[in-house]
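[1] give me coordinates for this.
(one chain, ligands or ions: 3)
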Amino acid sequence: DSSSGSSGFFSKRTFPGRVPAGIGRKSLRIVVTGGAGFVGSHLVDKLISRGDEVIVIDNFFTGRKENLVHLFGNPRFELIRHDVVEPILLEVDQIYHLACPASPVHYKYNPTNVMGTLNMLGLAKRVGARFLLTSTSEVYGDPLEHPQKETYWGNVNPIGERSCYDEGKRTAETLTMDYHRGADVEVRIARIFNTYGPRMCLDDGRVVSNFVAQVIRKQPMTVYGDGKQTRSFQYVSDLVDGLVALMEGEHVGPFNLGNPGEFTMLELAEVVKETIDSSATIEFKPNTADDPHKRKPDISKAKELLNWEPRISLREGLPLMVNDFRNRILNGDEGKGL
Ligand code: NAD
Ligand code: UDP
Ligand code: UDP
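    Ligands and ions are numbered 1, 2, ... in the order given. Okay, here's the model as predicted:
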């Protein structure tokens with residue numbers, strides 16, 4: 001078993017038992033941390049379908065086995081229950097590092113962004129793997145520049161309620177660049193803007209999942225504050241294409257990956273209403289402190305250097321998640337970790 005342990009057995013890019021990925025390309029062995037989560041599971045589907053071997057590391061904090069159950073039994077797929085805060089030995093070509101308590105209700109609970117990222121960078125260094133960090137638009141904080149370019153350094157309150165996530169990802173970016181400059185690790189950094197789609201957590205409080213679930217349950221959509229704050233919503237398959245283009249390309253980044261279409265929360269509520277139920281209503285709730293007023297990616301850099309741009313608009317993407325949400329709500333599966 002080439003995946004067990006000591007670097008003495010390790011030989012870069014010549015693992016025994018390698019399955020061919022198709023004509024003209026050798027299959028890769030790829031780790032996806034957080035692969036049982038929303039974005040991770042869609043990424044894993046894409047990597048498996050193109051013929052690669054995928055090892056998912058996940059502690060099921062917010063991820064679910066259900067997101068991957070269709071791959072159980074596939075010889076090119078492996079799922080390891082593991083917390084990336086602890087070291088791990090594997091022999092791989094690429095690491096997509098997504099593990100992260102990614103939503104406001106979860107992210108304050110653990111040091112994944114720092115310790116988990118350090119361990120995955122240590123792993124990348126030891127085996128010579130390429131490492132991709134999924135950072136976030138939240139590194140721009142409540143931005144004073146609009147739309148946000150990658151050159152903007154951000155406006156983050158270091159002691160605010162949201163800062164554990166923002167500063168955690170900023171630190172993860174710093175560690176990533178330090179390993180790149182100091183230890184020659186091949187790295188890639190994606191700054192992901194708000195993303196939605198099937199398999200999103202039902203209970204983690206993000207706005208698209210909240211509105212869609214509320215309307216399906218015949219509850220009012222909860223608009224925080226005056227609802228005039230803006231976000232840009234990207235469909236998950238566009239993001240996955242962008243992550244793979246970034247990993248396979250020659251540029252370190254950071255790259256904004258997001259859909260530049262900008263909506264107020266009131267406009268989003270209107271689109272959800274049109275998509276699911278024309279009798280849907282809204283109710284206003286107080287907003288959280290330090291909520292960014294606007295957010296919209298400038299994606300010129302990714303367009304030019306990765307030849308990537310999103311293809312699915314909010315009106316096209318929203319209907320694609322409704323059936324998944326309806327089924328999970330009807331089955332009483334509230335999307336909690338296992
Ligand atoms: P998610 O919560 O669905 O997925 C995160 C996964 O990481 C889960 O499966 C969870 O169980 C796992 N995880 C958390 N802590 C872990 C640990 N210590 N060890 C092992 N596994 C752990 O969230 P997502 O939306 O799929 O986000 C994936 C990545 O993309 C995250 O890094 C997130 O910060 C980033 N991102 C997402 C968005 C978005 O809108 N979805 C926006 C910006 C950035
Ligand atoms: N690490 C890991 N798997 C590996 C190699 C390293 O989990 O295959 C962890 C290691 O335990 C350490 C971190 O990654 O906590 C950083 O490793 P590095 O070698 O860069 O640092 P050092 O061990 O020299 O402090
Ligand atoms: N929001 C809202 N109603 C909800 C959940 C969130 O109006 O039920 C607002 C929230 O205040 C923020 C925006 O929607 O202004 C996006 O929130 P989310 O947590 O989805 O993403 P993030 O703030 O990380 O961009």
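[2] within range of ligand 2, give me the residues from the stretch 51-200 of the chain.
    For the stretch 51-200 of the chain, the residues found near ligand 2 under the criterion Cβ under 6 Å from any ligand atom are Pro87, Ile88, Leu89, Leu118, Asn119, Gly122, Leu123, Lys125, Arg126. All C-beta spots, glycine's among them, are computed from the backbone N, C-alpha and C.
[3] what's near enough to touch the first one?
    With contacts defined as Cβ atoms under 8 Å, 6 or more residues apart in numbering, the neighbours of Pro87 are Asn119, Gly122, Leu123.
[4] same question, the fifth one
    When contacts are counted by Cβ under 8 Å, 6+ apart, Asn119 is found next to Val84, Val85, Glu86, Pro87, Ile88.
[5] check what pLDDT it gets.
    The predicted local distance difference test score for Asn119 is 97.
[6] can you classify the nearest residue to Asp238 once chain neighbours are set aside by secondary structure?
    Leaving out its chain neighbours, the residue that sits closest to Asp238 by Cβ to Cβ, 6 or more residues apart in numbering is Pro310, at 3.8 Å. For Pro310, the secondary structure call by DSSP: H, G, I helix; E, B strand; the rest coil comes out as coil.
[7] got the residue ranges for the strands in this protein?
    For the chain, the strands identified by DSSP state E occupy 29-33, 53-58, 77-81, 94-97, 130-136, 187-192, 195-196, 221-224, 230-232, 234-235, 255-257, 262-264, 282-285, in order along the chain.
[8] any idea how far Gly40 is from the closest residue in space to Asp226 that isn't next to it in sequence?
    Nearest residue to Asp226 in three dimensions, chain neighbours excluded: Phe284, at 7.5 Å (Cβ to Cβ, 6+ apart). Taken as Cβ to Cβ, to the nearest Å, the spacing of Phe284 relative to Gly40 amounts to 34 Å.
[9] most residues in a single helix of the protein, which one?
    helix 163-183 (DSSP state H).
[10] that one vs strand 130-136, what angle?
    Orientation note: helix 163-183 sits at an angle of 150 degrees relative to strand 130-136 (axes from the mean of the first three to the mean of the last three Cα atoms, to 10 degrees).
[11] from the contact counts, what lies against helix 163-183?
    For helix 163-183, the elements it packs on are helix 117-127, strand 130-136, strand 187-192, judged by 3 or more Cβ pairs under 8 Å, 6 or more residues apart in numbering; DSSP states H and E.
[12] and stretch 79-89, how far from the chain's centre?
    For stretch 79-89, the gap between its own C-alpha mean and the chain's C-alpha mean amounts to 18 Å (Cα atoms, centre = their mean, to the nearest Å).
[13] endpoint to endpoint, that stretch covers what distance?
    Using Cα to Cα, to the nearest Å, the end-to-end distance of stretch 79-89 comes out at 14 Å.
[14] distance of the residue of the stretch 101-250 of the chain found nearest ligand 2 from Gly63?
    Among all residues of the stretch 101-250 of the chain, Gly122 sits closest to ligand 2, at 2.0 Å; criterion: Cβ to the nearest ligand atom. The span separating Gly122 from Gly63 equals 22 Å under the rule Cβ to Cβ.
[15] mind checking which of those two has more residues around it?
    More neighbours surround Gly63 than the other of Gly122 and Gly63, with 26 against 15 (other Cβ atoms under 10 Å).
[16] residues from the stretch 101-250 of the chain in reach of ligand 1?
    In this structure, the stretch 101-250 of the chain approaches ligand 1 at residues Pro101, Ala102, Asn110, Thr112, Gly116, Thr134, Thr136, Ile192, Asn194, Thr195, Cys201, judged by Cβ under 6 Å from any ligand atom.
[17] now for the residue in the stretch 51-200 of the chain that ligand 3 sits nearest to, how many residues are close by?
    In the stretch 51-200 of the chain, the residue that lies nearest ligand 3 is Asn194 (5.1 Å; Cβ to the nearest ligand atom). A count of neighbours around Asn194, defined by other Cβ under 10 Å, yields 19.
[18] and if you look at the one 3 residues further on?
    Applying the criterion other Cβ under 10 Å, we find 24 residues in the vicinity of Gly197.
[19] quick check: phi and psi at the residue nearest to Asp238.
    When read as degrees, to the nearest 10, the backbone of Pro310 gives phi -70, psi 150.
[20] just to check, it is in contact with Gln234?
    Yes: in this structure, Pro310 sits in contact with Gln234. The criterion is Cβ atoms under 8 Å, and the distance is 5.6 Å.
[21] hey, what's in contact with both of the two?
    Shared contacts of Pro310 and Gln234, defined by Cβ under 8 Å, 6+ apart, are found at Gly258, Asn259.
[22] need the contact list for the residue nearest the centre of the chain.
    Central residue of the chain (Cα atoms, centre = their mean): Val39, 4.7 Å from the mean position. With contact taken as Cβ under 8 Å, 6+ apart, Val39 is in contact with Leu98, Thr134, Ile192, Thr195, Val236, Leu239, Val240.
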